[in-house]
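Participant: turn this into a structure:
(chains A and B)
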Amino acid sequence: AQSVTQLDSHVSVSEGTPVLLRCNYSSSYSPSLFWYVQHPNKGLQLLLKYTSAATLVKGINGFEAEFKKSETSFHLTKPSAHMSDAAEYFCARSDNTNAGKSTFGDGTTLTVKP
Amino acid sequence: GAVVSQHPSWVICKSGTSVKIECRSLDFQATTMFWYRQFPKQSLMLMATSNEGSKATYEQGVEKDKFLINHASLTLSTLTVTSAHPEDSSFYICSANDRQGRGTEAFFGQGTRLTVV
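Facilitator: Presented below is the predicted three-dimensional model:
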């Protein structure tokens, strides 16, 4: 089964410092990869996606992620954290034949300290 | 971008009653929709794939008689939780492909918080 592993269940950073949320995927063929953010009791908001185009993907709110096939990784980064970035983040994958059927990682809770 | 709307956004029901949750694609046609369940502090787990005009495909361990899915049109799928019990309390989220459905992301609804008392 295809899987996604988020390496950190919790990440805590200070406001203004860089953010790194790590995601690895199991590799059988090139998947589509996504990062979503979820605020409490809210649905998912797409931050960015990789669909076999540019390996460095820029998303909303200053986030970006780099697809590294050799490392089967798709880590999410942001140069400077903002208090409003505190939320739950999910890495997900889908097959290119059925984009809506997604497999999610367990999530990473990002805490931003003032 | 494409919009998927879920209704209601939250619902409280008594144990033993049934609850229907709607998932609508507002500006595109969705031949396939997906229903996920999310327990507190956990990830999203796929429950079933809803196919327009045919039976839903359920993931292993999901009771199809308890979670009834109907996808009668290209813009609407419904999930009915029958004879709900407190353990069914959860956050339910749907997503939809556009009709092409290849190489694009899924569009997620805002979710429905179900509380069974």
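Participant: ok, for the spatially most central residue of chain B, nearest residue in space, not its chain neighbours?
Facilitator: Nearest to the mean C-alpha position of chain B, counting by C-alpha atoms, centre = their mean, stands B:Trp35 at 3.5 Å. Setting aside the residues directly before and after it, B:Trp35 is nearest to B:Met47 in space (C-beta to C-beta, 6 or more residues apart in numbering or on different chains), at 4.6 Å. Every C-beta, even on glycine, is put in place using the N, C-alpha and C of the backbone.
Participant: by contact count, what packs against the lowest-mean-pLDDT helix or strand in chain B?
Facilitator: In chain B, no helix or strand scores lower on mean pLDDT, DSSP states H and E than strand B:107-108, which sits at a mean of 87. Using 3 or more C-beta pairs under 8 Å, 6 or more residues apart in numbering or on different chains; DSSP states H and E, the elements in contact with strand B:107-108 are strand B:90-96.
Participant: what ranges does the chain have for its strands?
Facilitator: Defaulting to chain A. Shown for chain A, the strands assigned by DSSP state E span residues A:4-6, A:10-14, A:19-21, A:23-25, A:32-38, A:44-50, A:56-58, A:64-68, A:73-78, A:87-95, A:98-104, A:108-113.
Participant: wrong one, I was asking about chain B
Facilitator: Going by DSSP E, chain B shows strands at B:4-7, B:10-13, B:19-25, B:32-38, B:44-51, B:57-58, B:67-73, B:76-81, B:90-96, B:107-108, B:112-116.
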